[in-house]
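Novice: the following block contains a protein sequence and its predicted model.
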Amino acid sequence: QSENTLRLGVNLELTGRLAWYGDATLKGIKLAAKEVNAAGGIRGKRIELVVLDNRSENAEAALAAIRLAGRENVKTIIGPSTSGGVKASLAAGCGVPILVPSATADDLAPKGGADNEMFRICYTDTMQGKAIARFAVKKGIRTAAILTESSSDYSRGMSQVFAKTFKALGGTVTAQEYYASGETDFCTVLTKLKQQPFDALLLPGYYTEAALIIRQMHELGIKAVLLSGDAFDVPALDELVQSREYLSNIYFTDHYAPAGKEHSDFARSYHKAYGEQAPAYAALGYDCVKLFALAVQKTEGAATAEIAQQLAYTTDYSGVTGVITIDENHNALKAVHIIELQNGKRSEAAEIEPDNINQFTKNP
Amino acid sequence: MGGWAEQLINGLAVGAVYALIALGYTLVFGVLRLFNFAHCDVMMAGAYIGWLCAERLRLGLLPAAVAAAGVCALLGLVVERFGYRPLYGASGMPLMVVALGISLLLQYTAMLLFGAGARVYPFGYTGGVVRIGSVTLPASKLTALLLCVALTAGLELVLKYTRAGRAVRAVADDKTAARLCGIYENRAVSLAFVLGSALAGISGVVYGSMYLVSPLMGLTPGLKAFAASVIGGIGSIPGAVLGGLALGLAEALAGAAFGTATKDMVSFVLLIAFLLLRPGGIMNSKSGTGRV
Amino acid sequence: MHLLSCEGITKRYGGVTAVDGVSLSVEEYETLGIIGSNGAGKTTLFNILTGFDRPDSGTVTLRLNERELQVQGFGAFTFAHMGVGRTFQNLRLFEEMTVYENIRTAILSMKRTEIAAEELLKLLGLTEQAEMPVNKLPYGTRKKAELARALVCTCGVKKGCRLLFLDEPAAGLTTAEAYELALLLLRLKKQYGLTMVLIEHNMAFLEDLCSTLCAMDEGKIIAAGKPQEVFSAAVVRSAIFGE
Amino acid sequence: MLQETTQRLNRCRGELCSPTVYTQSQVIPRTRNARPYKKLWRADITAGIKDAAPCSIFSKCGCAMHRHYNNKGISEMKKIRLGVTKYILAAAAGLLLTMLLNRDAYAAAILSRMFIAAMMAAGLDLCVGLARQLSLGQAAFMAAGAYGCGTVALVVSERSLPGVAAGLTVGVAAASVTALAVGAVVLRLKGDYLAVATLGLGEIVRVVLENCAPLGGAAGLYHIPRFTTPELAFAAALLCGVFGLWFARSRNGVLCRAMGQDEIAAASIGINPMCMKLLAFTLGAAMTGLAGGLYAGLLGFISPKDFTFARSVDILAAVVIGGAGTTIGPMLAAMLIEALSALLQGVANIRMILYAVILIVVTIIKYTKGGRRRAPVKL
Amino acid sequence: MLKVQGLNVAYGQVKAVREVSLQLNRGETVALLGVNGAGKSTVLLALAGILKPESGKILYRCGDNYSGNKGNGIIRPRGKPHGIPAGQFDSTSGQWVDITTMGAQERVRLGIALVPEGRHVFPTATVRENLLVGAHIRGDNEVEADVERMYRLFPALYEKQRIPAMSLSGGQQQMLAIARALMSRPRLLLLDEPTMGLSPKLCEEVYRFIEKSSAEGLTVLVSGEDGRSLRQICSRALTVVNGALRT
Ligand SMILES: Nc1ncnc2c1ncn2[C@@H]1O[C@H](COP(=O)(O)OP(=O)(O)OP(=O)(O)O)[C@@H](O)[C@H]1O
Ligand SMILES: Nc1ncnc2c1ncn2[C@@H]1O[C@H](COP(=O)(O)OP(=O)(O)OP(=O)(O)O)[C@@H](O)[C@H]1O
Ligand SMILES: [Mg+2]
Ligand SMILES: [Mg+2]
């Protein structure tokens, strides 16, 4: 029986603080697997998902990765969806390709280089940090304040890159403040920030805290453009902020734009399957499975080493989340989309091609 | 600098929330000598009950709070009866472990029932913003402050000057002697739990309406309130309130002065400083100390 | 030559002055009894003399190896190593250990492994209860166990002062038992050259045992001297016997 | 009988209590006259104590003493000692068998984690079970060990034996030094207050680590060479277990236990309570630090999130369920809990609920069986 | 007033009290003597309902309420005691009630109060609060008057009324324990070594108080060392030897 199936490991945050991200990704993964299997599988083999929960804890993520590779004999592992978990899983060194749907930290893999096990299909913090900084400058923002979640790798990484790029492009960072995860009252920080005027506030953080910060900002009468990263693409954010008028002047980077061509099919089938709009995380999970299927398709016997090789060769794969090219460090070169929120409505404000991100002189 | 006045008021307002939660902590600790780690999860349950009332039943804040208080009181009763009561004979540690177990149980049951994501009370539920001079303050925080003062006074009166209150304290001191005075010690303990849990329910609604509701929402305020109750003088009702306010103030001022990265540390540094320099807390409560 | 002396000891608790400028000294080999009404400050004084409490003012001097040593700031455990053993008014035993283990622990702590715990138990008539957990023993036996443990400190020192402080040793004992205890204390004293200080409310007991008596009231020493003299002093009669 | 006693007493009085002269004053001045019985005392001391007085509690025969000590140890300890060999043999046999049977990476990781948990339980048991100093900040010592070891391992960056040894040594040292520094301050507190203070300390250490850039901040340390094998973890756990048992029997261990039961009584027999507390606290932290080092070597990646209050709670739960003060019990319980957590992986959504229920039920059953439902009346 | 038949009490395996039978009449003061470890405290604890006897029967007849020096009638206890027919509070009922299985709380409501060995005051409550807790079962409005009465009896307590009981000296705590028991206006007072740790002066006062109250109808069972003074105030003495009463 096992000859007729391809075991695909899934190592996601299904409970705990980051459960929403894991859940969304899993939905995309399941959808993709169903589609592949419905289409007759890959060379006649069906994808069999082996899903493990890592409780949003690093150590559990590592253990899950070890279990998937060492005991469940999966061909490839998808996840975890956040950087800490991925780092832990990679550190466990389990010898199976790990497809990373949404972890954006720059230095995920232990060594970098071509022989690491990590294959990332999303952009990195550097890219989105640069992109949002360039976008801000383009919009005429001169001064920015930064509010970072102190215990989040992601938040810190993005803040750093943003600050550097923004300064290089001629902007000034007027204040840098921190908050802790799980905190609920941000009046102290916000009151402090209020003392220095700024045009925009960079808030790279998870949606729970972000929603509260947005609410409290408005309650304190801070009116500034809000910039953020892909963690904002969570429908729950809109819900938690409660008020449409608070959901204005917000720009954040995202993995795909709702209007994209490729993904309209996906959006439709996702809506059919789950009765809701597909968030980017689901799309990323979906792409992971599709990429895996493609790689296996190209191999002879679906050995893990071969799959890894084929994954590394990926060029110009046009997935739901855009055109993916895996570079020599196994990172994806991808366009960064900037989404605008006005009165609770999302629209694409800009799309920045990977080539443009690193070129400081050229306009996006 | 105008910022300081604002920070001061912010601090007090946050402190009021801590104080509200700390009250229940202190009450139960006074009776059982147990740090009821499940307290903040009962609060979480209260927040969810309030949310259900507000979101699903479209009830006002007051009925929601009353419902939450009622359900939490019941929950507290059940927890006490089946979780803690079998262990009164044993030392403190098994009790503490059971408390932690109950805390986990409540958290993850909520996660199963309501999902891991956060929920929010309907917009405008707690009535907009209040302006005091140049300072803007959400009305809910003002409510918390007032509620806190009222509940403290009420609770203090009940414990000090009513027969049942004295019985509760007597049981806290010496169970056998309390029996010899005709006090049904199980009833007294249950009473303390019911009161404490009802308080937790109310604070859950206040907290939830002010911020968010989620299964793990109790963790951070729980630890802070816990620190507050120790800083104020564990076992002392006014102490819990003073401790909460002091903690809120200290956090706000330290955050404003030294950068917000230190804010979290402040509460614990304050906690340890108090323990070492004045173990009785602000109120210098004597519970647990004795003579040679 | 006095073994222990204190000078102007004062201890306040809030508004209460528990001990008020007490000076006294204890001669080597003497047995000093302290009497006083309830709340007179006897236990507080004891606590200060044995290092469990710090006085607000005043000094405690111990003669150790022919040298005078001011000890009022020392930790209680150093007193034990200097040969000061004590018992407590509200018994303080290692509740989860047996009688034997209580004594054994003291021996280990004092590093006097040549003391035979059995002999000590036999001396106090505790042999039968040796293996009983102390929390299951009746009050009197527990008192004896505590005495035995204190004796390890006192008799155990090689170069020390052999001071034994007993806080109400006869409370809760019947008359016969109290006599038994007095006898035992005398024997111990003879055998090991003990110096004893004891608080008691049982006057007959004190009369039999003490060479000196000291009466306290409201934190002050109101009379001191031979038992008969103290008993017959007018201040004592009114303050303690209520006549 | 009363008559007889009184007569004896009077006889003794006659012999012993000779009069002295007093004047009535606050200071009692002494006449410096030689007392008639002084010589007698002296003689008594020299003759009676040093030599074979009939009722002497001093026995000259040292070896008899030692034999005695060995025959009649502290009774609680007797129980443990009886079990030691048995337990260790059983544990060793069982584990070797497991290792032989299960050689895949996952089993190895789970086994290592079980041993690491066991070590931490043994460490906390010294502190909580023996010295009765409730610590809720054990995760901080684990963090100290892990970060200490991790940093060194990163520098050495080899899986060589000396590198690993150096890493673990530094980890243990870091944990011990942390415990010593912290303990000197917080161990002045008693009971619940200590628990609160250690809880606070645990949180402080975590926040400091999160904001400490050289140690990786919130991102943590990664690329640590992964040196921990089940064998190594087993050896370390065995070491901790044996050490724990040995310590509990040693002089200091006995004194620690006594101090835990009653600090004031302990001080009255010459035990320095602070010293004993620090000793137990530091030794416990050292074991936890070793476990932390192995943990770093197992995962190759550590971050402040691994050392939260929840971790401290897990260890405490193991100690309580296993029976505080027995060393072996907590170790076994910790291993069971760890194994259980792995077994429940399959039911992700109700895993924690099951875990919590098991925790509650087991604790209640353990501490109420044998009719201990009610407080034993102590009046 | 009280009949005990063949009482056996054990702590686990240890049989502390064996086949004790005794009878107390209203208004008498009986001493319970015995060497230490004889089982006096155990008997008293069993009578007060803290310890459950293994076998044997305890019968109790509510006489008139002891009413101190005021001469008031019955005080109905607050709270509904389990398992006591309402009529049995009446002085007129005069029936024997089997209280063997009753808890301590119900027995207090029936008028049996124990001053336990080793004080057991409520350490964090003030002296006054201790006294008020002692009157927990009472629903009448003479509690304040009784508090005053206790202060008159033990003036030392009056001075310390606002101080937490834990900072009282040993003897003061003993006074407080006795006073607290009296606050429930018992008809039968069980005293376990009440004079332990009391100075001779206070001993005398306590004894005189016992004498006076028993003259007013209080029944007292007091354990203790058999000093002359105890024998003087007691109408008879029972001696416990090795857990059994010596006849
Ligand atoms: N920790 C404390 N806090 C407040 N007051 C105290 C404290 N310790 C002692 N006191 C007070 O000091 C006084 C002396 O107490 P102490 O225990 O020394 O009396 P005592 O002579 O031993 O009496 P007794 O014979 O009753 O034991 C008492 O009035 C007591 O209330
Ligand atoms: N908690 C207990 N567990 C086991 N045995 C006990 C317990 N308490 C008392 N005993 C035993 O019961 C017997 C009677 O004890 P009890 O305390 O009634 O004596 P007592 O007459 O009051 O003595 P004392 O004068 O010392 O107070 C003793 O032999 C004692 O060993
Ligand atoms: Mg005293
Ligand atoms: Mg007794």
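Specialist: That came through fine. Ligands and ions are numbered 1, 2, ... in the order given.
Novice: state the distance from C:Ile222 to ligand 1.
Specialist: To ligand 1, C:Ile222 is 13 Å away according to Cβ to the nearest ligand atom, to the nearest Å. In short, each C-beta sits where N, CA and C put it, glycine included.
Novice: so that residue makes contact with C:Val230?
Specialist: No - the pair C:Ile222 / C:Val230 is not scored as a contact, 9.2 Å apart, by Cβ atoms under 8 Å.
Novice: shared neighbours of those two, anything?
Specialist: C:215, C:236 (Cβ atoms under 8 Å, 6 or more residues apart in numbering or on different chains).
Novice: more neighbours: which of the two?
Specialist: C:Val230 (27 against 21; other Cβ atoms under 10 Å in any protein chain shown).
Novice: contacts only, for that one.
Specialist: Applying Cβ under 8 Å, 6+ apart, the residues near C:Val230 are C:35, C:213-215, C:223-224, C:236.
Novice: can you pull the buried residues of the helix or strand hosting it?
Specialist: Assigned by DSSP states H and E, C:Val230 belongs to helix C:227-232. Along helix C:227-232, these residues count as buried under the neighbour rule (16 or more other Cβ atoms under 10 Å in any protein chain shown): C:227, C:230-231.
Novice: so is whichever helix or strand C:Val60 is part of next to chain D?
Specialist: Assigned by DSSP H and E, C:Val60 belongs to strand C:57-64. No - under the criterion of Cβ under 8 Å from any Cβ of the partner chain, chain D is not reached by strand C:57-64; the shortest gap measures 12.1 Å.
Novice: the residue in the stretch 1-150 of chain B positioned nearest to ligand 3: neighbour count?
Specialist: Minimum separation of the stretch 1-150 of chain B from ligand 3 (Cβ to the ion) falls at B:Arg33, amounting to 26.1 Å. Neighbour count for B:Arg33, taken as other Cβ under 10 Å: 17.
Novice: cool, and the one 10 residues further on?
Specialist: Neighbour count for B:Met43, taken as other Cβ under 10 Å: 32.
Novice: the helix or strand containing it - what's its average pLDDT?
Specialist: Secondary structure from DSSP H and E places B:Met43 in helix B:39-51. Averaged across helix B:39-51, the pLDDT comes to 93.
Novice: same check on stretch A:301-313?
Specialist: For stretch A:301-313, mean pLDDT is 84.
Novice: in it, what counts as buried?
Specialist: So, applying 16+ other Cβ under 10 Å, buried residues of stretch A:301-313: A:302, A:304, A:306-308, A:310-312.
Novice: tell me the confidence at residue 96?
Specialist: Using chain A. With respect to pLDDT, A:Val96 has a value of 89.
Novice: try chain E instead
Specialist: 77.
Novice: how about the nearest residue to A:Ser155, chain neighbours excluded?
Specialist: Computed as Cβ to Cβ, 6 or more residues apart in numbering or on different chains, the closest residue to A:Ser155 that is not its neighbour in sequence is A:Glu149, at 4.0 Å.
Novice: could I get the full set of helices for the stretch 101-250 of chain B?
Specialist: B:139-161, B:163-173, B:175-180, B:185-210, B:219-232, B:237-258 (DSSP state H, counting those that start in this stretch).
Novice: what do you get for the stretch 251-364 of chain A?
Specialist: Using DSSP H, counting those that start in this stretch, helices in the stretch 251-364 of chain A cover A:262-274, A:280-298, A:304-312, A:354-357.
Novice: right, and those - which one's nearest ligand 3?
Specialist: Ligand 3 lies closest to helix A:280-298 among the helices of the stretch 251-364 of chain A, at 71.5 Å (Cβ to the ion).
Novice: run the contact check for that closest one versus chain B.
Specialist: No - using Cβ under 8 Å from any Cβ, we find that helix A:280-298 stays clear of chain B, coming within 13.1 Å at best.
Novice: alpha carbons only: can I get that helix in CSV?
Specialist: Extracted in CSV, the C-alpha atoms of helix A:280-298 (Å, rounded to 0.1, in the frame of the first residue of the first chain):
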residue,chain,number,x,y,z
ALA,A,280,-2.3,34.3,2.1
TYR,A,281,-1.3,31.5,4.5
ALA,A,282,-3.7,29.1,3.0
ALA,A,283,-2.4,30.0,-0.5
LEU,A,284,1.2,29.5,0.7
GLY,A,285,0.3,26.1,2.1
TYR,A,286,-1.4,25.3,-1.2
ASP,A,287,1.6,26.2,-3.2
CYS,A,288,3.9,24.1,-1.0
VAL,A,289,2.0,21.0,-1.9
LYS,A,290,1.8,21.9,-5.5
LEU,A,291,5.5,22.5,-5.6
PHE,A,292,6.1,19.2,-3.9
ALA,A,293,3.9,17.4,-6.4
LEU,A,294,5.8,19.0,-9.2
ALA,A,295,9.1,18.0,-7.8
VAL,A,296,8.1,14.5,-7.3
GLN,A,297,6.7,14.3,-10.8
LYS,A,298,10.2,15.1,-12.1
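Novice: packing partners for that helix?
Specialist: strand A:5-12, helix A:19-38, strand A:46-53, strand A:76-78, strand A:98-100, helix A:262-274, helix A:304-312, strand A:317-319 (3 or more Cβ pairs under 8 Å, 6 or more residues apart in numbering or on different chains; DSSP states H and E).
Novice: how about those, which one is nearest ligand 4?
Specialist: Using Cβ to the ion, the nearest of those to ligand 4 is strand A:46-53, at 59.5 Å.
Novice: show me the contact partners of the closest one.
Specialist: Outside of strand A:46-53, the residues within contact range by Cβ under 8 Å, 6+ apart are A:4-15, A:22, A:26, A:29-30, A:33, A:36-37, A:41, A:60, A:64, A:67-68, A:72, A:74, A:289, A:292-293, D:345, D:348-349, D:351.
Novice: what's the closest non-adjacent residue to the residue in the stretch 101-250 of chain A that chain C sits nearest to?
Specialist: Closest residue of the stretch 101-250 of chain A to chain C, Cβ to the nearest Cβ: A:Thr188 (38.9 Å). Of all residues not flanking A:Thr188 in the chain, B:Gly255 sits nearest, at 4.0 Å (Cβ to Cβ, 6+ apart).
Novice: what sits against that neighbour?
Specialist: A:188-189, A:192, B:7, B:262-263, B:266.
Novice: and what of B:Val194?
Specialist: Residues near B:Val194 by Cβ under 8 Å, 6+ apart: B:73, B:76-77.
Novice: which one (most neighbours) among those residues?
Specialist: Counting neighbours by other Cβ under 10 Å, the one among these with the most is B:Gly76, which has 28 neighbours.
Novice: no further questions, thank you.
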